[in-house]
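**Student:** Sequence first, then the predicted structure:
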Amino acid sequence: MHNISVFIQSLNVSLKRGPDIIDITSDLLKAVQRSKIMNGNLSATMIGSTGSLTTIEYEPGVIEDLIQAIERLAPVGLTYAHEKAWHDGNGHSHVQAALLGPSIVLPIRQGKIKLGTWQQVVAINHDNRSRKRNIEITITGSL
């Protein structure tokens, strides 16, 4: 039977006005290396209601396709009830982020995140202004 270890780390990223997408795969790989966990799971959550995490092939075409899809799902310029209360112009940002979700769980096998050849982990800012985002990482598993 293996003892289970837990490793916790915060990652801070700066993102431009949304939708802005950055690759955080290397940061997560470094966290796994520091954790020394060989087999388990990495859980990452972006703190805030206008940011999300997902995986894509991080290349210009897919990035542009994802941005366009996000904008089609909850476009700027529609009437959002959120804006009636807050008047901050970012009702679309909250809806976009909710549709993609703030968290991701990835398997760790043999000390590495198990990802496909063309799969990277990305952080997305949906807000109508630049944001510094905090991503909380928890890695659990056996050493």
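**Tutor:** Happy to help now that I have it. Residues are numbered from 1 along each chain as shown.
**Student:** hey, let's count contacts and neighbours off CA atoms from now on
**Tutor:** Fine.
**Student:** the strands in the protein, which residues?
**Tutor:** 4-15, 20-23, 39-46, 51-56, 103-109, 112-113, 120-125, 131-142 (DSSP state E).
**Student:** for the worst-scoring helix or strand of the chain on mean pLDDT, packing partners?
**Tutor:** Using mean pLDDT, DSSP states H and E, helix 81-86 stands out as the lowest-scoring helix or strand of the chain, at a mean of 86. Applying 3 or more C-alpha pairs under 8 Å, 6 or more residues apart in numbering; DSSP states H and E, we find helix 81-86 packed against helix 91-100.
**Student:** what's the average pLDDT for the helix it packs on?
**Tutor:** Regarding helix 91-100, the rounded mean pLDDT is 96.
**Student:** Need the contact partners of that helix.
**Tutor:** 18, 49-54, 70-71, 73-76, 78, 80-83, 126-128 (C-alpha atoms under 8 Å, 6 or more residues apart in numbering).
**Student:** Can you list the buried residues in the lengthiest helix in the chain?
**Tutor:** Identified as the longest helix of the chain according to DSSP state H is helix 60-73. Across helix 60-73, burial judged by 16 or more other C-alpha atoms under 10 Å covers I63, I67, I70, E71.
**Student:** go on, stretch 118-129?
**Tutor:** So stretch 118-129, judged by 16+ other C-alpha under 10 Å, has buried residues Q120, V121, V122, A123, I124, N125, H126, D127, N128.
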